[in-house]
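Visitor: give me coordinates for this.
(2 chains)
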Amino acid sequence: MSGTISLESVTKRFPGGVLAVDDLSLEVEPGEFLVLVGPSGCGKTTALRMVAGLEPVTSGEIRIGDRVVTRLPPRDRDIAMVFQNYALYAHMSVRANMGFGLKMSRVPKQEIRRRVDEAAAMLGLTDLLNRKPRQLSGGQRQRVAMGRAIVREPAAFLMDEPLSNLDAKLRVEMRGEIIRVQRRIAAPTLYVTHDQTEAMTMGDRVAILRDGVLQQLGTPDEVYDRPVNSFVAGFIGSPAMNLLPADLSDKHGDLVVSFGTTQLTVPPRVTESRPGLAGYAGRKVTLGIRPEDFAAAERGDGLANVTVDRVESLGSELVVYLDAGVETPLTVRLERRVELEAGQDAQLAVDLNRLYFFDPESGTAIG
Amino acid sequence: MTSTGWRVAKLVAVLMIVLWSVAPIVLGVSTSISTQREVNAAPERLVPHAPTLKAYRNLLEGTNNQRAGGTVTESGTFLRSLRNSTVLALVSTAVILVFATMAAYAFGRLRFRFGGALFALLVGTLVVPIFVVVIALFKLMAETHLIDTKRGLVAVFVATLTPLATWLLYTQVREMPTEPEEAALIDGCRRWQAFVRVVIPQMSSGIAAVAAILVLSVWGEFLIPLLLTSTMTAKPVTVQITEYVGKYTTNYPILAAAGVLALIPPALLALALNKRITGMLAGSS
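Guide: Below is the predicted model of the structure:
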């Protein structure tokens, strides 16, 4: 199967005027797993529902494979969708749930049986085929929903937050499961989530949506390393990137960024890769530092005069909240062996090569 | 009030309500197994000296022109009226459910022009008492030759009860998740196929509750059949019972026996579906 899903300038305006999706263009390539991620209300689910045909498109074009499906009803789009609350047919057995789509398209009974058995084996559902959905656990229901989608061998897969209703452990497990199944089926998959961890761990590429507008589309590494604006920077990564109002100044040819009582000299490598940065000398910028780009230090090129506010131990590592003399506390992720206590003064080094700079007005990355 | 005091008060209130509801039934059963003489005796006895099923026999087999305390019964008429009631209740309920289920789904799910206004109009008819339209209704039925026919009664019940059923099912449709039917649409169903194969099964418990409510309503209906029937072709049990009230005197055991028998089918239905009905009326089904 080698279809694609493509959206071209797709816009959705709800009756009443709310603009849910604004001029969205993206393409899910053959076999690709593309994650559409954003905070709640950003239009990601609406976008997915338009691809499914459950929500009419205001303008723009949607194609699945070579076919324009913009005005087609869901049944003619050759897609399968997995819903957040599983959406199983409560009155049917697992077998009937999984075979329903095939039955509707008049596939012979023998063939339905064979394909359901095959999918059930792939998902470990063989022993549950005669149960009703209410007799299954959340994880099992999710598998049935997956199974129902894959037996159809659709041209495209759509998934709407399929893991949100599962507990944390199961969620991690099912993440791997979904990826494994999708790799085998190799149909283009559009996956919607609000969870950036899911986006980063599952997506071949990640599309970040905010207020109906696509912010950035790229591989997980790209959106993590080179966010196009402060929204993406703050949304991708956990804990979130520290975004601080800072002053940029030129000291004897070196750019120096300062906030609170801290002054950091921007290394030439950073300045060279961001030619626009020099133009901000003498102005305010938004400085971004990822929590993981700090390290404990004896002295030197780091933060001075920071006070530890709170320490959270995650077991393997520490998340430390610092008072650095700016409005918002600074979040820092450190190795566990670092010994810090609340109220204590700390010395921390910053990986200066990994500083991010954004325009304080527009939020756009300075490049 | 202390919590004990409160509980005692609640208990007393519940007991009074139960007494209020159950007393007529107890009295009815007791009367139906008494003799006319015992009923008229003073002081009254709740448990007759010699319980007898004579009243039931008289009711079902006819009094054969015996003087039975003013009440005349004919063999077969009472059963006929029970059958009429059953047919009326079942047919009306079936027809109403077909309309109401579809209407409830349409109003609850689909966006269409004037949908809200139409729904308001439909539900608005619930507050119009039947008395207001009774004369017009009679005239209409007379002109269409539907007086004293089961068809005519069914038509009236369908017209008067469909709004209630639609409204009850509408609340259920609104509370139902949309995803299963959307999944069905994606799985290859047309809208009506999704409705038949996925929505209706999902609504089955609500439909059962509404069906019971409708059967009970039609069974207990009195005014409309009283006006619109005159012979045994269509007369339901509620109207037939009044025939056992004599002009000068009444055989109370026969009257009570008729009441008890008329009560059994709806009582069984209510017992069987008790939980679903209360759930539906409380809006939690």
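Visitor: now A:Arg134: closest residue in space, sequence neighbours ignored.
Guide: Leaving aside its sequence neighbours, A:Arg134 sits nearest to A:Ala90 (Cβ to Cβ, 6 or more residues apart in numbering or on different chains; 6.5 Å). From N, CA and C alone the C-beta is placed, and that goes for glycine too.
Visitor: pretty sure that neighbour contacts B:Val199?
Guide: No - taking contacts as Cβ atoms under 8 Å, A:Ala90 lies outside contact range of B:Val199: 11.4 Å.
Visitor: in the helix or strand of chain B with the lowest mean pLDDT, what counts as buried?
Guide: When each helix and strand of chain B is scored by mean pLDDT, DSSP states H and E, helix B:36-40 comes last, with a mean of 82. Across helix B:36-40, burial judged by 16 or more other Cβ atoms under 10 Å in any protein chain shown covers B:Gln36, B:Glu38, B:Val39.
Visitor: which one's more surrounded, A:Ala90 and B:Val199?
Guide: Applying other Cβ atoms under 10 Å in any protein chain shown to A:Ala90 and B:Val199 shows that B:Val199 carries more neighbours, namely 23 against 16.
Visitor: how about the residues of chain B by chain A?
Guide: Counting by Cβ under 8 Å from any Cβ of the partner chain, chain B comes close to chain A at B:177, B:179-180, B:182-190, B:193, B:197-198, B:201-202, B:204.
Visitor: which of the residues you listed count as buried?
Guide: Using 16+ other Cβ under 10 Å, the buried members of the residues of chain B next to chain A are B:179-180, B:182-189, B:193, B:197-198, B:202.
Visitor: show me what the one helix or strand B:Leu27 maps to is packed against.
Guide: Secondary structure assignment for B:Leu27, by DSSP states H and E: helix B:3-32. Judged by 3 or more Cβ pairs under 8 Å, 6 or more residues apart in numbering or on different chains; DSSP states H and E, helix B:3-32 is in contact with helix B:252-281.
Visitor: other SSEs contacting the helix it packs on?
Guide: Secondary structure elements in contact with helix B:252-281, counted by 3+ Cβ pairs under 8 Å, 6+ apart, are helix B:3-32, helix B:36-40, helix B:54-61, helix B:77-109, helix B:200-220, helix B:237-242.
Visitor: would you mind getting the angle between the first one and helix B:252-281?
Guide: Put plainly, it is helix B:3-32. 140 degrees (axes from the mean of the first three to the mean of the last three Cα atoms, to 10 degrees).
Visitor: pLDDT on helix B:3-32, on average?
Guide: For helix B:3-32, the mean pLDDT works out to 92.
Visitor: the fifth one too?
Guide: In this model, helix B:200-220 carries a mean pLDDT of 92.
Visitor: now do the contacts for residue 75.
Guide: With no chain named, the answer covers chain A. A:Met104, B:Leu185, B:Ile186, B:Asp187, B:Gly188, B:Cys189, B:Arg190 (Cβ atoms under 8 Å, 6 or more residues apart in numbering or on different chains).
Visitor: wait, chain B
Guide: B:Ser75 neighbours (Cβ under 8 Å, 6+ apart): B:Leu60, B:Glu61, B:Gly62.
Visitor: just give me the neighbour total for residue 18.
Guide: Went with chain A since none was named. By the criterion of other Cβ under 10 Å, A:Val18 has 12 neighbours.
Visitor: oops, wrong one, chain B.
Guide: By other Cβ under 10 Å, 10 other residues sit near B:Val18.
Visitor: dihedrals phi and psi, the closest residue to chain B within the stretch 151-300 of chain A?
Guide: In the stretch 151-300 of chain A, the residue that lies nearest chain B is A:Arg152 (7.5 Å; Cβ to the nearest Cβ). The phi/psi pair for A:Arg152 (degrees, to the nearest 10) reads phi -70, psi -20.
Visitor: what is the neighbour count of it?
Guide: Using other Cβ under 10 Å, A:Arg152 has 25 neighbouring residues.
Visitor: also B:Lys275?
Guide: 11.
Visitor: before we move on, what SS does A:Leu322 have?
Guide: Classification of A:Leu322 by DSSP: H, G, I helix; E, B strand; the rest coil places it in strand.
Visitor: which non-adjacent residue is nearest A:Phe294?
Guide: With sequence-adjacent residues excluded and distances taken as Cβ to Cβ, 6+ apart, A:Phe294 is closest to A:Val332, at 4.4 Å.
Visitor: point out where the stretch 1-150 of chain B drops to low pLDDT.
Guide: Within the stretch 1-150 of chain B, the ranges that satisfy pLDDT under 70 run B:1, B:64-71.
Visitor: where does it get nearest to chain A, residue-wise?
Guide: Proximity to chain A, evaluated over the stretch 1-150 of chain B using Cβ to the nearest Cβ, is greatest for B:Arg111 at 8.2 Å.
Visitor: buried set for the helix holding B:Leu27?
Guide: Buried residues in helix B:3-32, counting neighbours by 16+ other Cβ under 10 Å, are found at B:Gly28, B:Val29, B:Ser30, B:Thr31, B:Ser32.
Visitor: near chain B, which residues of chain A?
Guide: A:52-54, A:73-75, A:77, A:79-81, A:83-91, A:100-101, A:104-105, A:148, A:152.
Visitor: next step: these restricted to helices.
Guide: Mapping the residues of chain A next to chain B onto helices (DSSP state H) picks out A:Ala52, A:Phe100, A:Gly101, A:Met104, A:Arg148.
Visitor: I'd like those residues as TSV, with pLDDT and neighbour count appended.
Guide: As requested, those are arranged in TSV below (pLDDT from 0 to 100; neighbours: other Cβ atoms under 10 Å in any protein chain shown):
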residue	pLDDT	neighbour count
A:Ala52	96	24
A:Phe100	96	25
A:Gly101	95	24
A:Met104	94	18
A:Arg148	94	29
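Visitor: take the helices and strands packed on helix B:252-281 and write them to a markdown table, including distance to A:Val192.
Guide: Formatted as a markdown table, these follow (distance: least, Cβ to Cβ, whole Å):
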| stretch | distance to A:Val192 |
| --- | --- |
| helix B:3-32 | 51 |
| helix B:36-40 | 75 |
| helix B:54-61 | 68 |
| helix B:77-109 | 23 |
| helix B:200-220 | 25 |
| helix B:237-242 | 58 |
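Visitor: so what sits against both of A:Ala90 and B:Val199?
Guide: What both A:Ala90 and B:Val199 touch, as defined by Cβ under 8 Å, 6+ apart, is the set B:Pro180.
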